[in-house]
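Engineer: quick one, what's the 3D model for this:
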Amino acid sequence: MPMIRYNPFNTETDEYPGLRLFQDSLSRLFSEPASRPWTPPVDIFETDNELVLKADVPEIDPKNVSIQLENGTLTLKGERKFEEQRNGKGFHRIERSYGTFTRAFSLPDTIDGEKVKADYKNGVLTITLPKKEMAKPKTINVEINNN
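Structural biologist: This is a model prediction of the structure:
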């Protein structure tokens, strides 16, 4: 009896049509740089007066970035476009991701949404979220009587 090698991803049969669709999606995901999902790395830190978010978004035109603050959620959306071959020069390797991204962050109630500022410099988007006055730390001096 001949030995038959088992191949769970056999594309020669239409026994599992969903598997074929899954394989096509995976191969497209890894072969087309413009369609790879990506998210920019983000640092968030807090000072006495504000919450600061810094996102690495190199080579993205600030016109292609949107910042939305709604119901205590800060949403950052944008797109880094893939540059096609130019002047007959081709790519040897493509490791950076391209395409659209969306990041959403829940914010505390202590943020003053009316005074949010954004700055883009050297590929870093900095979003400054000031705290409301009631959330800022206060120092209270207590007098001690030595009687």
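Engineer: show me the shaky parts of the chain.
Structural biologist: Within the chain, the ranges that satisfy pLDDT under 70 run 1, 4-21, 23-36, 84-89, 135-137, 147.
Engineer: residues in contact with the most centrally placed residue in it?
Structural biologist: In the chain, the C-alpha closest to the average C-alpha coordinate belongs to Thr39, at a distance of 3.2 Å (Cα atoms, centre = their mean). Residues counted as contacts of Thr39 (Cβ atoms under 8 Å, 6 or more residues apart in numbering) are 101-103. For glycine as for every other residue, the C-beta is placed from the backbone atoms N, C-alpha and C.
Engineer: of those residues - the most surrounded one?
Structural biologist: Within the contacts of Thr39, most neighbours by other Cβ atoms under 10 Å means Phe101, with 19 neighbours.
Engineer: wait, Lys115 touches Pro130, no?
Structural biologist: Yes: with contact defined as Cβ atoms under 8 Å, Lys115 reaches Pro130; the gap is 4.6 Å.
Engineer: ok, the two, which is more surrounded?
Structural biologist: Counted by other Cβ under 10 Å, Lys115 and Pro130 do not tie: Pro130 has more neighbours, with 20 against 12.
Engineer: which stretches in this structure count as strands?
Structural biologist: Under the criterion DSSP state E, the chain contains strands at 42-46, 50-56, 65-70, 73-80, 99-106, 117-121, 124-130.
Engineer: who wins for proximity to Phe22 among those strands?
Structural biologist: Judged by Cβ to Cβ, the one of the strands of the chain that comes nearest to Phe22 is strand 99-106, at 20.2 Å.
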